[in-house]
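> here are the coordinates; sequence isn't available:
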DNA sequence: ATCCTCCCCTAC
DNA sequence: TAAGGTAGGGGAGGAT
Ligand SMILES: Nc1ccn([C@H]2C[C@H](O)[C@@H](COP(=O)(O)OP(=O)(O)OP(=O)(O)O)O2)c(=O)n1
Ligand SMILES: [Mg+2]
Ligand SMILES: [Mg+2]
């Protein structure tokens, strides 16, 4: 299926030279030249354009500037928008994100209104029922709605091929077979976005180059893109799906999972429901969807393959999952693409049954803990993923790797400006800002020939470099400025530039402005619970309007692009019902936060030298004050960006990566075949696990102490060791003598405190003095309650949040000084703060 | 052990 | 000609 496409892409995208591709390149180029010399319309067009242009342009460098219909170079007037307007992949990404937001907003909206979004009740007699709905050859189907005469023929949607097909009045079959095809006919590098099932029967696949497809199917007929219509059909699709379940994961504009476990009515089978949905989609869109149904996401996905085209397939509880999965190709498993598939192939693994022969340990050893486990489970049809109904955005980017041909530095900079504008637009549309800026570029690989594809990027190295700003931003100017600096560091020959992109990450929470919220004080953040009145207040006001409440309130929350008449939530199959939505959302928020990651006990309550009992990495940071200072001077080099030249560091790493992915890595090690040899590693782990919890601490602790420790304390430390062990074993003791806890507002646990700090540092460009006092007080409480572990973690977290922010850093430095004094007084020692960036400015 | 950063990989 | 984007998962390897 898509493997071929993937493979081709991977080949060119990867850094490896190899494959006879280069030869092909040469050939293609020869051919292209011929084409140009051929007095066809193309050449004439070009000439005409140039002629027209040259009238008003005398400068030679501007000679090619005014390309109206062609799209070289970035400098051209509407290059970026022109490109995006014609980029299917851009639309695909954009729409995917839009529909994820659309479904997610509906869920929120309904929750706010007390609609039942997630059944409290049990699943029906069929257990968990997941449906995967996917439109059949989506782009093609949309076009075929109004071109019924093309049905049953091999059709492809792509940019090129108009000469051969659409322009012509000639029947489809004529042109292909005619021998006078220019050889460029089979060399078109235009990508097929979608092809009909008739075309697939010949081996053509989505993503293939048109030329390659024509070799398989010379009579393939090309139709142009109709982006507006795709978008409309997608909207209709989602409007329908949302009606059947609110437990919905949008995958792309033509594809989603829905959990219908509780949607099924009495006596209704999953297949019946699926057919009903299919019929409704067909009715509304005149396009066909296929549906896979099973008890988990993976199996539903696999079932869709069986179902297509124009069908549905249900793998029920009674069916034999092993029998179903066994014959499946591993490359058809989600997540197995060209790279993984190839590795597996060299292991002789082609089907899931063959993959099942490997132990989980072996697979994890070979592919990593996550990937290994997933492979182990997937090939058995096991998949415990929940539907991802909403997720937080982590980055926003814009990149263009097509049509990039520069000759001057300034052109690159101007293009960066354009990309930065694009990113600003996208950030602002999302109401987000970020502080990490990454410049990505594709650079012609040394020795790489001219790209096969017209204006394509060809064989490239991928280069990326990032920097972190003091404060978040969404400003194109700021972003561009940083990228200019990054670009300079990299010194790329303009002629070799083949693609550029800008990504912004470390995004702020949507609701946290920078300085806009100066009216809020830290004390507001100290009461996290109360802030959620938006959900209640907003709809309440709107709801007063009689029966329209649902629609109104929904619209107010949804930004989903134009769709006028959505008959929203009142799900035919769901009745309104009050739920403890507030609870749920809070719970989820907390979970999503960091709540789970604080497994740490608080070993802090022991008296004299508690901190000696802390884990090594913390204890190591506590040293005699003078010693600390000396060390700090010598180690002072924490600064990460400006001065140091990362190039030498990075190059070797890149090299290893290259060789690894290029060829060597595709050959897996033999480990996989040594099935039962996990004993050694496991034994190691067990040994350490047998020790009491602080096991990691002792050895290095003892070893390290004598060296830098002042004489008078060595005894004390030895004593401490025993106390430490003691403490760990008897946690109960701590509970018996509950000391007062330190708290920052209402925040007590580490995750709560982090949340407060996070909000606080986001909201203020410069901290308020009163807030600093509150915070300072909290830190002193931590010392008083001897919770030095928490103290350290809080400082580390704060450090990360204010990285690069001068105002914050200086203030925090002052706070830290106080803290150090207090510690010095109480423990006769200080924290080693070498790793705190704000203290090393 | 766990985190962070820099990538590669995957999917549509 | 041709429109090779984009976000997240996760592995590798260094820092803590
Ligand atoms: N390499 C690709 C893959 C897909 N698409 C676009 C065109 C497809 O129509 C749409 C949906 O992708 P699918 O994987 O669902 O493929 P189709 O819908 O075309 O076919 P089917 O789902 O029947 O296999 O995404 C694309 O532009 N380029
Ligand atoms: Mg599809
Ligand atoms: Mg799809």
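Everything's here; your move. Computed from a prediction, not measured in an experiment: that's the story for all the values here. Ligands and ions are numbered 1, 2, ... in the order given.
> ok but residue A:452 is inside a strand, no?
No: under DSSP: H, G, I helix; E, B strand; the rest coil, residue A:452 falls outside any strand and is assigned coil.
> what number of residues lie near it?
Using other C-beta atoms under 10 Å, residue A:452 has 22 neighbouring residues. Placement of C-beta: from N, CA and C, glycine included.
> I'd like the distance between it and residue A:345.
26 Å (C-beta to C-beta, to the nearest Å).
> Equivalent analysis for residue A:113, please.
Distance from residue A:113 to residue A:345, by C-beta to C-beta: 52 Å.
> low-scoring stretches of the stretch 151-300 of chain A, by residue?
A:163-180 (pLDDT under 70).
> right, is the longest helix seen in chain A up against ligand 3?
Of all the elements of type helix in chain A, the one with the most residues (DSSP state H) is helix A:88-113. No: under the criterion of C-beta under 5 Å from the ion, ligand 3 is not reached by helix A:88-113; the shortest gap measures 9.5 Å.
> Phi and psi next, for the residue of chain A found nearest DNA strand B.
Here chain A gets closest to DNA strand B at one residue, residue A:337, 2.4 Å apart by C-beta to the nearest atom of the strand. Backbone torsions for residue A:337, taken as degrees, to the nearest 10, come to phi -110, psi -150.
> can you count the residues close to it?
16.
> and the next element down the chain from the strand ranked longest in chain A?
Looking across chain A with DSSP state E, the single longest strand is strand A:460-473. Scanning forward in sequence from strand A:460-473 by DSSP states H and E, the next helix or strand is helix A:476-490.
> Contacts for that following helix next, please.
Defining contact as C-beta atoms under 8 Å, 6 or more residues apart in numbering, one finds that helix A:476-490 is touched by A:412-413, A:416-417, A:419-421, A:423-424, A:437, A:439, A:441, A:463, A:465-467, A:469, A:473, A:502, A:504, A:646-647.
> mind listing what's buried in it?
If you call a residue buried by 16 or more other C-beta atoms under 10 Å, then helix A:476-490 has these buried ones: A:476, A:478, A:479, A:480, A:482, A:483, A:484, A:486, A:487.
> can you tell me how far the fourth one sits from ligand 2?
By that I understand residue A:480. Counting by C-beta to the ion, to the nearest Å, the gap from residue A:480 to ligand 2 is 38 Å.
> Same check on the last one?
From residue A:487 over to ligand 2 the distance is 39 Å, taken as C-beta to the ion.
> Quickly find the element holding residue A:795.
Counting by DSSP H and E, residue A:795 is part of helix A:788-801.
> which helices and strands sit right next to that helix?
helix A:616-619, helix A:750-763, helix A:769-784, helix A:806-827, strand A:830-831 (3 or more C-beta pairs under 8 Å, 6 or more residues apart in numbering; DSSP states H and E).
> And the strands in chain A, which stretches?
A:130-135, A:155-157, A:194-195, A:221-223, A:248-252, A:255-259, A:289-294, A:312-314, A:395-400, A:434-444, A:460-473, A:497-507, A:622-623, A:830-831.
> Partner strands of the fourth one and their direction?
To tie it back to what came earlier, the one meant is strand A:221-223. Neighbouring strands of strand A:221-223 in its sheet, by DSSP bridges, are strand A:155-157 (parallel).
> any bit of the strand it pairs with sitting next to ligand 1?
No: using C-beta under 6 Å from any ligand atom, strand A:155-157 never reaches ligand 1; the gap is at least 6.9 Å.
> need the contact list for the residue nearest to residue A:301 when sequence neighbours are not counted.
Distances taken as C-beta to C-beta, 6 or more residues apart in numbering put residue A:132 closest to residue A:301, at 5.1 Å, once the chain neighbours are dropped. With contacts defined as C-beta under 8 Å, 6+ apart, residue A:132 is in contact with A:255, A:256, A:257, A:291, A:292, A:293, A:297, A:300, A:301, A:303, A:304.
> please redo it, this time with the cut-off set to 6 Å
By C-beta atoms under 6 Å, 6 or more residues apart in numbering, the residues touching residue A:132 are A:257, A:292, A:300, A:301, A:304.
> next one: residue A:459
A:445, A:448.
> Against residue A:261, how distant is it?
Distance from residue A:459 to residue A:261, by C-beta to C-beta: 49 Å.
> Equivalent analysis for residue A:827, please.
57 Å.
> what's the closest non-adjacent residue to the residue in the stretch 301-450 of chain A positioned nearest to ligand 3?
Of all residues in the stretch 301-450 of chain A, residue A:304 sits closest to ligand 3, at 8.8 Å by C-beta to the ion. Spatial nearest neighbour of residue A:304, chain neighbours left out: residue A:292 (3.3 Å); criterion: C-beta to C-beta, 6+ apart.
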